[in-house]
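Chemist: Pasted the sequence and its predicted model underneath.
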Amino acid sequence: MCLIGMIFLSACEEAAIPVSGNDTPIKLDTISFPVVNAIAYQSPPEMGKTSYLYFGKEDGYVFHYSLLQFDSISVTANTPFSSFNDSLIIVDSLSLSLRFDNDSIANDERFILRYFPDGGDSVFNELESNYLNFDRSIASEVISTGRMVVDSVDTNKTEVNLRFLMDPEIINAFMDTSVLAYNRSFLVELEDESSESFYFHSIELIEGTRPELTVFYRQFASDTVVLDTSSRNYQAVADLSMITSKPITHEDSTTLSVSIAKGLKSIVYVDMDGWELPPKAIVSSAEILFNRVEADTIETYKVISHPIISEGEYGQFSTFTNDPYDEDLNYFTTTEIIDNVITINHRQAATDIGHKNYTNFGFKLQSSFNNDPFQTVRFFGLNNSDYIPFMRVIYVIP
Amino acid sequence: MLSLKKLSIFFVFIGCLSAQSIFNAYGLGLSKSIHHTSSAGVGSIGLVPTFQPGVSFDNPATWPGLNFAYVSGSYANRQIEIGDNGHTNYGNGFEKIQFVVPIKNRFAIGFSLKPVNDHNAYFKTDSTQIDFQGKALTFNKEFRSGGGIMAGSFGLALPMNNRMGIGLSFDKLFGSSQDEQSLILNSIYYRLFNIKTYSGSVFNINVAGKFYEGHTVMITGYARVSMTGNPVSSTQYQFDLFEDRNNNYSFDSDDYPENVDVDTINVSNIYAPSSFSFGLNATLNNDINIFGEFQLWNDQAINDNFSSIYTDQIGSKNHIGGGVVRFGKMGARSWQDKITMRFGIFKESYTLKNSGRKINENGISVGIGFKFAATGNQLDVAYRTGARSITNDYKETIQEFTIGLSLGDVWFLRRRTKQ
């Protein structure tokens, strides 16, 4: 045993032997591809994933109204609206509240509330609805008028909420079992035009307060004996601000620009024709580099990019009523601008293109929904020879 | 306690069989010429007697000369120093485990387990730095391989006449090896693994004969012909290259791509060794033995392109060596006379199949053996040193210390008739 132990302890002290790389397998290779087509385009703003709900006007943007959809199940009791279909339950009132982004009220505007009793099971789509394709005429008459109120959270802290009170009859539409899944949606807007802007928490705001619908009710033990007076809360599951953007500038249309509120996106085509990635090779990175036009320092700003799944039109800047370029969500990337340069790594797409498993139609650039929606970021396209975007691919071949 | 013993044995077996060498990355690596400690003491390929007069544990034709049945084991500890850069590696492992039973001084049978080749390698390339379109790339490569082929052998010795004997042995070749190939790009590892299993067989015919016996000298000759029975075939499990982002050596959910495939490749005829060996031994009347040996070894495998770290592999080898052995006497009164002393020199030259480059090894060996107890137990130790180099390239300095213990017992031997 001692002998074995002694021998084992002395065993296998190994250090890698330095050798030359000649005749050894695995090699690193690189290739770069030019961006041969690039253009920006405009489509209606997609505000469904922004952190706030906007009302009023700001910097040329007009915020028309916001749409809200609430969950069918209460967060407090985990019960559906149909649970109020009970002869021993009487709904007294409903309240809808939106959390204002400030903790004080500078301009006490009045807001109005509508709902969609004839809207069927769906009224709007967070990602697709916009001011051009949404028919607001299906909304009801005004069912409530609300104002912002200051609520004390504790002795040192206050919060401001916009609150609407509704008649109990509204719940009938929510409880109607003839519609398989009622839309549970509301439309909120300023009663009068305002030159000011008002920001309220949307469901996307991290650590924000979601819009909430509260149903106040009484439950009876018999026809005359009240067992309980209580409420159930239903949180918003979708919300969207309808806005019209301010006019685009010459620079917006001649560079590769992205902006949420302006509806600006860009597409680029990287000429990878004829390239074949060796079998079993791994693409370490396939980065498309874009240089920002502005030289100023930018706060954290991220750009989302996907391959597009149809041919792009690169002739001139265009405005579309619907985004014509569907993206392949399997190849999602999000990249932050660093030192006014963005390097978008599309290695999975490049791998599949290189293996001839995927058709290269180009790539779309758009602003991340976490960015300031009103900020426009521009990158050089093909019109500045010093900063023409390109893709550099680094890959390892076994 | 039993489990602890088993665990110890397990660890010894999984331990490195050898210190690593860059030459082991060519194909299946260098084939081993020397197994038993008594042979290692003279740098012998095992043809000529080195254990006791007339007996080599590595030559079945000589086994009837044993006076007892033996269980024998040899264990080597090796140091390899690479070039002049001070890189030194150590390794160790069993060289041979053997059980031999002589029967009535005319026959013998034996079993053994021994490594056939040496596949242990670990090396890396120098870092290269390039600027690619404004991106700094620093990369190098690392390669590791280990495991190899073992031989489970059954041997049988038969008399041909009163001057010659023949030994037949069958080697079942089996085992597995693994190699890892990595490229490190800006500290990110890109790895692929190959795991291989092997199966094949080799037949050996050994002949030992007395050529001349005079008053002052006796000359004996030894020969061996090794032929491939079934060429070694292999099943290779080839894991796709992947980016080991968390550098934990295995593919997991943190790595890229999301899935890797494993290709199972069956390759036949990757290793088909054959050899012819010849040796002469002159026993002088002062107990001094002088010997010379020669071997031609050839791999006749058809599939040259079996994957290895280097795309070349060992194609042939020749060995020439000689030395002096003075055997100790079991019944000697003084302890000095019980000691067997050995000295030998050898030269081996390997030729790579594709490039034709040569790997040359020169060595010098010394060893002693000490008899103890009535049943011929013997403790052998050997020290071998030498240098190995490839044409216009790397040079290694090798030092190897081998220890062997052979325990004798009385099995199937002719016993004295009771009066």
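Modeler: All right, it came through fine.
Chemist: Now for the closest residue to chain A within the stretch 301-419 of chain B, how many residues are close by?
Modeler: Residue nearest to chain A within the stretch 301-419 of chain B: residue B:310 (5.6 Å; Cβ to the nearest Cβ). For every residue, glycine as well, the C-beta is placed using N, CA and C. By the criterion of other Cβ atoms under 10 Å in any protein chain shown, residue B:310 has 21 neighbours.
Chemist: Contacts only, for it.
Modeler: Going by Cβ atoms under 8 Å, 6 or more residues apart in numbering or on different chains, residue B:310 touches A:23-24, B:25-27.
Chemist: make it 10 Å
Modeler: A:19, A:22-25, B:22-27, B:121, B:143, B:352, B:354-355 (Cβ atoms under 10 Å, 6 or more residues apart in numbering or on different chains).
Chemist: So residue A:324 sits against residue A:318, correct?
Modeler: Yes. If you go by Cβ atoms under 10 Å, residue A:324 and residue A:318 touch, sitting 8.6 Å apart.
Chemist: what about burial for the contacts of residue B:310, which qualify?
Modeler: A:19, A:24-25, B:22-27, B:121, B:143, B:352, B:355 (16 or more other Cβ atoms under 10 Å in any protein chain shown).
Chemist: okay if I get those residues as a markdown table plus pLDDT?
Modeler: Formatted as a markdown table, the buried ones among the contacts of residue B:310 follow (pLDDT from 0 to 100):
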| residue | pLDDT |
| --- | --- |
| A:19 | 82 |
| A:24 | 86 |
| A:25 | 88 |
| B:22 | 81 |
| B:23 | 85 |
| B:24 | 86 |
| B:25 | 86 |
| B:26 | 87 |
| B:27 | 85 |
| B:121 | 88 |
| B:143 | 93 |
| B:352 | 91 |
| B:355 | 88 |
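Chemist: Using JSON lines, please lay out these together with distance to residue A:129.
Modeler: Listed next are the buried ones among the contacts of residue B:310 as JSON lines, based on distance: Cβ to Cβ, whole Å:
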{"residue": "A:19", "distance to residue A:129": "63"}
{"residue": "A:24", "distance to residue A:129": "58"}
{"residue": "A:25", "distance to residue A:129": "55"}
{"residue": "B:22", "distance to residue A:129": "67"}
{"residue": "B:23", "distance to residue A:129": "70"}
{"residue": "B:24", "distance to residue A:129": "67"}
{"residue": "B:25", "distance to residue A:129": "63"}
{"residue": "B:26", "distance to residue A:129": "67"}
{"residue": "B:27", "distance to residue A:129": "67"}
{"residue": "B:121", "distance to residue A:129": "64"}
{"residue": "B:143", "distance to residue A:129": "58"}
{"residue": "B:352", "distance to residue A:129": "71"}
{"residue": "B:355", "distance to residue A:129": "69"}
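Chemist: Okay, buried residues for stretch B:146-161 please.
Modeler: B:146-151, B:153, B:155-157.
Chemist: Now flag whichever of the buried ones among the contacts of residue B:310 is closest to residue A:63.
Modeler: Nearest to residue A:63, judged by Cβ to Cβ, of the buried ones among the contacts of residue B:310 is residue A:25 at 60.9 Å.
Chemist: my guess is the closest one is in a helix, correct?
Modeler: No. Assigned with DSSP: H, G, I helix; E, B strand; the rest coil, residue A:25 falls outside any helix and is coil.
Chemist: Following element in sequence after the lengthiest strand in chain A, please.
Modeler: Assignment by DSSP state E gives strand A:226-244 as the longest strand of chain A. The helix or strand immediately downstream of strand A:226-244 is helix A:250-254, counting by DSSP states H and E.
Chemist: can you dump the C-alpha coordinates of that following helix into CSV?
Modeler: Written as CSV, here are the backbone C-alpha positions of helix A:250-254 (Å, rounded to 0.1, in the frame of the first residue of the first chain):
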residue,chain,number,x,y,z
HIS,A,250,-33.3,64.4,-44.1
GLU,A,251,-30.7,62.7,-42.0
ASP,A,252,-33.2,60.1,-40.8
SER,A,253,-33.8,59.0,-44.3
THR,A,254,-30.2,59.1,-45.7
